[in-house]
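**Q** For reference, the sequence and a predicted model appear below.
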Number of protein chains: 2
Amino acid sequence: MEIEQYLHEHIPLSKAMGVTVLEATDASVLLMAPLGPNINHRGTVFGGSASALAILAAWALLHRRLRGEGCHCRLVIQRNSMDYELPIPGDFTARATLDLQADWAAFLRMLTRKGKGRIGTLAILECEGQRVGRFSGDFVAFGL
Amino acid sequence: MEIEQYLHEHIPLSKAMGVTVLEATDASVLLMAPLGPNINHRGTVFGGSASALAILAAWALLHRRLRGEGCHCRLVIQRNSMDYELPIPGDFTARATLDLQADWAAFLRMLTRKGKGRIGTLAILECEGQRVGRFSGDFVAFGL
């Protein structure tokens, strides 16, 4: 997949993590990472890997949608929070969507008018069909 | 350093990130990671790497202090938040301390009495002498 190649080439940690793109639409992006390169001292997924997969999924969703709008703008993460709800004992996924309160049209308007817009994202982490974590992250896009 | 070897052996992502331990005391743990393996598509540090370094620093601090108390307990991250204050254009560090409100004695009492205690940590990220990010994370320790 194009976005997978882009991630591996430009963000080497995504390659070290073994990240693959399972699905990418305008509604959501689903990434997967195997346990092996992301394991911790307890045989479960390292929290830093869980966070990183969620950030990559959220970034990829916004990157894809902005490209779809013809906007090759700079996209920067501003803040995030992460709840580690359960240990992750195997390969895991992160599905990113826009935040429920996010207003895509208003975001694009701000980006066009002010050269800068902020948008919220969510990501749910799953392992073996069970929800194991929840990520929330705000990104800022800068028009070029 | 003992803790560096432990991280590289048990959390392979820390090795892929090139994490080194610059300082480790009971008051704080200072970790460093080079830009190279942590770079993003903009030539600055990937947010996932910044978060992961902070998590490792906070974990290492608690791990070290608990060992110092003779407690070989299980230590799990419960939640964290991260503010990405500035782009990180080079090698970077994360210095973890206990949260200002954290009460180590109360944490140990809960761990001893209930078999479970929760404690808050902070980490400040720096690059080239400038503060570039702030991490806050809660961990839970389980007695064995």
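**A** That came through fine.

**Q** Pretty sure A:Lys116 sits against A:Leu108.
**A** No. Between A:Lys116 and A:Leu108 there is no contact under CB atoms under 8 Å: 11.7 Å. Backbone N, C-alpha and C define where each C-beta goes, glycine included.

**Q** Name the residue in these two with the higher neighbour count.
**A** Between A:Lys116 and A:Leu108, counting by other CB atoms under 10 Å in any protein chain shown, A:Leu108 is the more crowded of the two (17 against 13).

**Q** The more buried one: which element?
**A** Per DSSP states H and E: A:Leu108 is located in helix A:104-114.

**Q** Run the contact check for the following helix or strand past that helix versus chain B.
**A** Downstream of helix A:104-114, the next assigned helix or strand under DSSP H and E is strand A:116-127. No. Judged by CB under 8 Å from any CB of the partner chain, strand A:116-127 stays clear of chain B, getting no closer than 11.9 Å.

**Q** and chain A, which of its residues are near chain B?
**A** A:6, A:10-13, A:16-17, A:36-42, A:46-49, A:51-53, A:55-56, A:59, A:74, A:76-84, A:87.

**Q** Restricted to helices, list those.
**A** When DSSP state H is applied, those are split such that A:6, A:10, A:12-13, A:16, A:47-49, A:51-53, A:55-56, A:59 fall in helices.

**Q** are any of the residues you listed buried, and which?
**A** Among these, those that count as buried by neighbour count (16 or more other CB atoms under 10 Å in any protein chain shown) are A:Pro12, A:Leu13, A:Ala16, A:Gly47, A:Gly48, A:Ser49, A:Ser51, A:Ala52, A:Leu53, A:Ile55, A:Leu56, A:Trp59.

**Q** Return the distance of the helix holding A:Leu108 from the chain's centre.
**A** Using CA atoms, centre = their mean, to the nearest Å, the mean C-alpha position of helix A:104-114 is found 21 Å from that of the whole chain.

**Q** Quick check: which helices or strands does it pack against?
**A** Applying 3 or more CB pairs under 8 Å, 6 or more residues apart in numbering or on different chains; DSSP states H and E, one finds that helix A:104-114 contacts strand A:116-127.

**Q** Convert the strand it packs on to PDB, retaining C-alpha atoms only.
**A** The C-alpha trace of strand A:116-127 is given here as PDB (Å, rounded to 0.1, in the frame of the first residue of the first chain):
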ATOM      1  CA  LYS A 116      -3.500  26.900  10.300                       C
ATOM      2  CA  GLY A 117      -6.200  24.500  11.600                       C
ATOM      3  CA  ARG A 118      -6.500  22.100  14.600                       C
ATOM      4  CA  ILE A 119      -8.400  18.800  14.500                       C
ATOM      5  CA  GLY A 120      -8.900  16.000  17.100                       C
ATOM      6  CA  THR A 121      -8.500  12.300  16.500                       C
ATOM      7  CA  LEU A 122      -9.300   9.100  18.300                       C
ATOM      8  CA  ALA A 123      -7.800   5.700  18.000                       C
ATOM      9  CA  ILE A 124      -8.900   2.400  19.500                       C
ATOM     10  CA  LEU A 125      -6.400  -0.400  20.100                       C
ATOM     11  CA  GLU A 126      -7.400  -4.000  19.800                       C
ATOM     12  CA  CYS A 127      -5.800  -7.400  20.300                       C
END
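
**Q** buried sites along it?
**A** Neighbour count says strand A:116-127 has A:Gly117, A:Ile119, A:Gly120, A:Thr121, A:Leu122, A:Ala123, A:Ile124, A:Leu125, A:Glu126, A:Cys127 buried, by 16+ other CB under 10 Å.

**Q** If I take that strand and helix A:104-114, what angle do their directions form?
**A** 140 degrees (axes from the mean of the first three to the mean of the last three CA atoms, to 10 degrees).

**Q** How far away from the center of its chain is stretch A:23-33?
**A** That offset, for stretch A:23-33, works out to 9 Å (CA atoms, centre = their mean).

**Q** No further questions, thank you.
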